[in-house]
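Peer 1: below is the structure, and that's it, no one-letter string:
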Ligand SMILES: Nc1ncnc2c1ncn2[C@@H]1O[C@H](COP(=O)(O)OP(=O)(O)OP(=O)(O)O)[C@@H](O)[C@H]1O
Ligand SMILES: [Mn+2]
């Protein structure tokens, strides 16, 4: 009878690097003894003091998200190359490592999600909450009809200076934050109305109904996208904000940073 190694051994054959997600100290040390293998530690913190470390802005409950993010971070830091085979070890059922996943790193699969979270001004939790809200809005629409929405996140003072009100601001005197379930209901309700939401680095809803007036000079967004996307893209070149845009016409959620489209997701795929 064949041993388990014969059955599962392929998972570990010709691996270029091991990616350890939030390992405990003892686990890390055991791996350091394995010769000729690149070791990359990925986590929200680096308590093992690994030399080669990719920081996660969020723990990412979903294993596939965690791995995708770690791989993008590793690409970003030139730790891996296109085509590298990685053994990704992570804990699916808890903090202890219980699962190894064999993944071929592909530069084509670059989604920009690492850039969006790790190198933005706004709090990663805020970005994640807004992205999830946009995806949810895209999936369900508003009362069954597709809706569009534009969220500008971070660097709110500057964003306010480069925009003007289309109507009175329902968030004028409030101190509400994204992520709060009631606020999400409010934001969905207001998404039927024109203009952009402006959200601070810490997630405070600064304004709804903002008409953005950035300079569109040098902004290179894909042809076919209209004024909402142009304004969203352009404001991220003029300020340190990021923009998350739900398109009413094609239903996709896009994120812009520094004037460029860096992430495109289909809400139906989530
Ligand atoms: N400069 C702007 N600032 C804020 N909101 C804007 C701006 N320009 C357009 N919008 C909003 O975007 C809405 C849709 O405009 P438009 O159709 O030109 O954009 P789009 O990029 O094609 O988006 P969609 O894919 O949702 O149709 C407008 O009704 C308006 O609410
Ligand atoms: Mn349009």
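Peer 2: Done, it's in. On a predicted model such as this, the values are computed, not experimentally measured, just so you know. Numbers count the residues shown, from 1 in each chain. Ligands and ions are numbered 1, 2, ... in the order given.
Peer 1: please make it C-alpha for all contacts and neighbour counts, starting now.
Peer 2: OK.
Peer 1: partner strands of the longest strand anywhere in the chain, with direction?
Peer 2: Assignment by DSSP state E gives strand 205-212 as the longest strand of the chain. Next to strand 205-212 in the sheet, as set by DSSP bridges, lie strand 163-165 (antiparallel), strand 196-199 (antiparallel).
Peer 1: select, out of the ones you listed, the one closest to ligand 1.
Peer 2: With C-alpha to the nearest ligand atom as the criterion, ligand 1 lies closest to strand 196-199 of the strands paired with strand 205-212, at 4.7 Å.
Peer 1: report the mean confidence score over the closest one.
Peer 2: What strand 196-199 shows for mean pLDDT is 97.
Peer 1: tell me the buried residues in that strand?
Peer 2: Neighbour-count burial for strand 196-199 flags 196-199 (criterion: 16 or more other C-alpha atoms under 10 Å).
Peer 1: what residues does it touch?
Peer 2: 149-154, 156, 159-160, 205-212 (C-alpha atoms under 8 Å, 6 or more residues apart in numbering).
Peer 1: give me the pLDDT for residue 1.
Peer 2: Residue 1 is given a pLDDT of 61.
Peer 1: my bad, residue 86
Peer 2: 96.
Peer 1: shouldn't it be within a strand?
Peer 2: Yes. Counting by DSSP: H, G, I helix; E, B strand; the rest coil, residue 86 falls inside a strand.
Peer 1: that one and residue 105 touch, don't they?
Peer 2: Yes. Residue 86 lies in contact with residue 105 (C-alpha atoms under 8 Å); the separation is 7.0 Å.
Peer 1: redo the strands paired with strand 205-212 as TSV? Include distance to residue 59.
Peer 2: Formatted as TSV, these follow (distance: least, C-alpha to C-alpha, whole Å):
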stretch	distance to residue 59
strand 163-165	35
strand 196-199	23
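Peer 1: in CSV, list those strands along with distance to ligand 1.
Peer 2: Below are the strands paired with strand 205-212 laid out as CSV (distance: least, C-alpha to the nearest ligand atom, whole Å):
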stretch, distance to ligand 1
strand 163-165, 8
strand 196-199, 5
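Peer 1: residue 35 is nearest to which of those?
Peer 2: strand 196-199 (48.5 Å; C-alpha to C-alpha).
Peer 1: what residues does the protein have near ligand 1?
Peer 2: 148, 194-196, 210-213, 225-229, 231, 247-249 (C-alpha under 6 Å from any ligand atom).
Peer 1: buried ones from these, can you make that a PyMOL selection?
Peer 2: Here is the PyMOL command that selects the buried residues among the residues of the chain next to ligand 1 (16+ other C-alpha under 10 Å):
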select buried, resi 148+194+195+196+210+211+212+213+228+229+231+247+248
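Peer 1: which ones among the residues of the chain next to ligand 1 are found in helices?
Peer 2: Among the residues of the chain next to ligand 1, the members found in helices (DSSP state H) are 227-229, 231.
Peer 1: rewinding a little: wait, which of the buried residues of strand 196-199 is closest to residue 33?
Peer 2: residue 199 (47.3 Å).
Peer 1: does that closest one have beta-bridge partners, and which?
Peer 2: residue 153, residue 205.
Peer 1: list of residues touching stretch 226-242?
Peer 2: The contact list for stretch 226-242 (C-alpha under 8 Å, 6+ apart) reads 116, 120-122, 150-156, 158-159, 162, 212-217, 219, 221, 243-245, 255-261.
Peer 1: just the strands in the stretch 1-150 of the chain please.
Peer 2: Taking DSSP state E, counting those that start in this stretch as the criterion, the stretch 1-150 of the chain contains strands spanning 17-21, 38-43, 53-55, 85-90, 99-104, 149-153.
Peer 1: with distance to residue 73 added, can I get those strands in a markdown table?
Peer 2: Putting the strands of the stretch 1-150 of the chain into a markdown table (distance: least, C-alpha to C-alpha, whole Å) gives the following:
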| stretch | distance to residue 73 |
| --- | --- |
| strand 17-21 | 11 |
| strand 38-43 | 9 |
| strand 53-55 | 6 |
| strand 85-90 | 14 |
| strand 99-104 | 15 |
| strand 149-153 | 22 |
